[in-house]
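Participant: turn this into a structure:
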Amino acid sequence: MRKTLSLILAFCFVLTAFAFTLASCGGSDAEETKGVTGIETLEDGETAFDPALLDDDPHIEAVDYGGYEFTFLTREGNDYNTRYIVAEEGQEEAPLPSALIRRNNILEEKYNITITQFRTSDLLSTARAQIMSGSTDFDVILASCSTLATMAKENLLYNLRDVPRFDLSKPYWDQNANSELLIGDKLYFTNNALNIHALGFVVFFNKKIVSDYGLESPYDLIENNEWTVDKWAEMVKSVSKDMNGDGRMTEIDQYGTLTENHNPRMFLYAFGIRATTNNENGYPEPTLMADKDKTVTAYEKLKAVFSDANVCYNMTSSSVDPHGFPHKWDYLRSLFTQDLYMFHYTSDDCITQFADMESEFGVIPFPKYDSNQKDYLTMYQVNTNLFALPSVIEDVDRTGRIIEDMNFYSSTITLPTWFETLLTRRYTRDEESERYLRLLRDNCVYDIGLYYDFGSIRTSVLDVDITTANISRSYARVEKATKADIDKTYKSFELN
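Facilitator: This is a model prediction of the structure:
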């Protein structure tokens, strides 16, 4: 009776979550939101719930696993990437932890399990040692893209396509990740609904500075398909002010943009320029210079802005005092909240650092290359978590059942709460930011070449100081090494 009642209550909550998500979702231009929310934007701009999403319930029958501890392996710490598996002690009443408890209770009741989390300071070494011993204390791995790339190469991960209970075509599995992260015909890691942090990089902008300088709102530019790299450059170059009148520009003066050395990479991926692209056989081919004219032109447009110290403050090269913050990035982001920088580029998890900002901020995609580009894109960063399973699994059917169900309930319980609590009403103060965050969730770009850093194409070409770099020369130096590294890496997979 207790289990039956729990399932009935859970189903009622699922229906409520769908209705709640529908009420809070926005859209534009007949774009279809294809993600886990099941919300479709119609021609007239209105949104509608797609009842077909109810059919995405995998309808997996209950099994009694006798109190088994189903464990997620994550890196140590309380960072944004690892907080949302189990509710943190003392946070149970907060909206998202409460949603985690509801989701986990459904699964724990259904399968007679306990969902736990094993945190370690050295995830790669811990996972490697246990997997190679033939037995693990964990069932699931949530680790950075680069860590999982290393583990896949060492044959430490399970091919997700071989898990019998997984239906990777369901919307709670990220379809972009499923196709772009293939290694041959195998999928060793991907993204899904239980991985809360599933966005790439975003652009934060200060609404007050935009207004003070009489600039067009980025929201209007997006709606009119005019949010391009040229318009972005024009806006950045129009904002510069010596705030204290000392005749020199320091971090406490006003700039059009903050930047880090890896920021140009974010723009290039937003333009559709990638380090590598999988061919039809799941084999990566270097494509950074596939359209050399476009790549070079785009890079030079970025360079013209980021090399101008009057309108751009470089966080990477700065030796600024962090003023008691954990590191200088936190300090400089605090200056963003004090209306000193118009644009800042980072992951969506930094949104919490702007919660107390006096002026309003907005969240938007990176600009398109030009108005002919179809979609706004966002790159999934190297150090953010993806989902994987160890190559040694005690009971594949058990793991498959629990994860498939957990993905479904994450899509209907925790994700709607995550959007509502963390990304919309609590921190951003407008519907547009919510709309674009939802849009970007479905437009993530995943690149095996970045995560493996073939031939150091990321570290030696894409993440160098743009002010002194020439992308053609930088790529020419690593082109042969990149191709050789790809061949070497994929031969190791063929031997596994």
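Participant: now stretch 443-451, how far from the centre of its chain.
Facilitator: Centroid displacement of stretch 443-451 relative to its chain, using C-alpha atoms, centre = their mean, to the nearest Å, is 10 Å.
Participant: and for stretch 445-458?
Facilitator: The mean C-alpha position of stretch 445-458 is separated from the chain mean by 16 Å, C-alpha atoms, centre = their mean.
Participant: show me the shaky parts of the stretch 51-200 of the chain.
Facilitator: With pLDDT under 70 as the threshold, the stretch 51-200 of the chain has low-confidence stretches at 51-55, 77-83, 90-92, 197-199.
Participant: now the strands for it?
Facilitator: In the stretch 51-200 of the chain, the strands defined using DSSP state E, counting those that start in this stretch lie at 68-75, 113-120, 140-144.
Participant: same list, those, but as a markdown table with mean neighbour count please.
Facilitator: Every C-beta, even on glycine, is put in place using the N, C-alpha and C of the backbone. Converted to a markdown table, the strands of the stretch 51-200 of the chain look like this (neighbours: other C-beta atoms under 10 Å):
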| stretch | mean neighbour count |
| --- | --- |
| strand 68-75 | 19 |
| strand 113-120 | 17 |
| strand 140-144 | 24 |
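Participant: can I get these in CSV with distance to residue 483?
Facilitator: Formatted as CSV, those follow (distance: least, C-beta to C-beta, whole Å):
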stretch, distance to residue 483
strand 68-75, 32
strand 113-120, 35
strand 140-144, 25
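Participant: looking at these, which is closest to residue 273?
Facilitator: Closest of the strands of the stretch 51-200 of the chain to residue 273 is strand 140-144, at 22.7 Å (criterion: C-beta to C-beta).
Participant: related to what we said a few turns ago, nearest to residue 475, of the strands of the stretch 51-200 of the chain?
Facilitator: So among those, strand 140-144 is nearest, using C-beta to C-beta, at 24.8 Å.
Participant: run the angle between that closest one and strand 113-120 for me.
Facilitator: Relative orientation of strand 140-144 versus strand 113-120 (axes from the mean of the first three to the mean of the last three C-alpha atoms, to 10 degrees): 30 degrees.
Participant: list the helices and strands strand 140-144 packs on?
Facilitator: The elements that strand 140-144 packs onto, with contact taken as 3 or more C-beta pairs under 8 Å, 6 or more residues apart in numbering; DSSP states H and E, are strand 68-75, helix 123-133, helix 145-153, strand 385-388.
Participant: and of these, who's closest to residue 101?
Facilitator: Ranking the helices and strands packed on strand 140-144 by their distance to residue 101 (criterion: C-beta to C-beta) puts strand 68-75 first, at 15.3 Å.
Participant: quick one on the thing from earlier: please identify the most buried of the helices and strands packed on strand 140-144.
Facilitator: Burial of these is given as mean neighbour count (mean count of other C-beta atoms under 10 Å); strand 385-388 ranks first at a mean of 25.
Participant: next SSE after it?
Facilitator: Next helix or strand after strand 385-388 toward the C-terminus (DSSP states H and E): helix 396-409.
Participant: buried set for that following helix?
Facilitator: For helix 396-409, a neighbour-count test (16 or more other C-beta atoms under 10 Å) marks 398, 399, 400, 401, 402, 403, 404, 405, 406, 407, 408, 409 as buried.
Participant: that helix vs strand 68-75, what angle?
Facilitator: 70 degrees.
Participant: which parts of the helix or strand just after helix 396-409 are buried?
Facilitator: Using DSSP H and E, the helix or strand that follows helix 396-409 in sequence is helix 415-418. By 16+ other C-beta under 10 Å, the buried positions in helix 415-418 come out as 415, 416, 417, 418.
Participant: for the first one, give its distance to residue 99.
Facilitator: Separation of residue 415 from residue 99 (C-beta to C-beta, to the nearest Å): 9 Å.
Participant: with the last one instead?
Facilitator: With the distance defined as C-beta to C-beta, residue 418 ends up 8 Å from residue 99.
Participant: quick check: closest non-adjacent residue to residue 417.
Facilitator: Leaving aside its sequence neighbours, residue 417 sits nearest to residue 99 (C-beta to C-beta, 6 or more residues apart in numbering; 4.0 Å).
Participant: for that neighbour, give me its contacts.
Facilitator: 413, 414, 417, 418 (C-beta atoms under 8 Å, 6 or more residues apart in numbering).
Participant: tally of neighbours for the spatially closest residue to the last one that is not a sequence neighbour?
Facilitator: Distances taken as C-beta to C-beta, 6+ apart place residue 196 nearest to residue 418, at 5.6 Å, with adjacent residues excluded. By the measure other C-beta atoms under 10 Å, the count of residues near residue 196 is 23.
Participant: if I pick residue 196, what's in contact with it?
Facilitator: Neighbour list for residue 196: 83, 84, 410, 414, 415, 418 [criterion: C-beta under 8 Å, 6+ apart].
Participant: list the contacts of the fourth one.
Facilitator: It refers to residue 414. Residues near residue 414 by C-beta under 8 Å, 6+ apart: 84, 96, 99, 100, 103, 193, 194, 196.
Participant: and the gap between the closest residue to residue 328 other than its chain neighbours and residue 331?
Facilitator: Spatial nearest neighbour of residue 328, excluding adjacent residues (C-beta to C-beta, 6+ apart): residue 322 at 4.7 Å. Counting by C-beta to C-beta, the gap from residue 322 to residue 331 is 5 Å.
Participant: how is the chain divided into domains?
Facilitator: Following automatic domain parsing, one finds the domains of the chain at 2-198+383-442, 201-379+453-495.
Participant: distance of residue 448 from residue 174?
Facilitator: Here the criterion is C-beta to C-beta. By it, residue 448 lies 15 Å from residue 174.
Participant: that older thread, of the contacts of residue 414, which belong to helices?
Facilitator: 96, 99, 100, 103 (DSSP state H).
Participant: tell me how many other residues surround the closest residue to the third one other than its chain neighbours.
Facilitator: Spelled out, that is residue 100. Spatially, and ignoring its direct neighbours in sequence, residue 100 is nearest to residue 87 (4.8 Å; C-beta to C-beta, 6+ apart). By other C-beta under 10 Å, the residues close to residue 87 number 20.
Participant: next: residue 220.
Facilitator: Number of residues near residue 220 (other C-beta under 10 Å) recorded here: 11.
Participant: how about it, secondary structure?
Facilitator: Here residue 220 is recorded as helix under DSSP: H, G, I helix; E, B strand; the rest coil.
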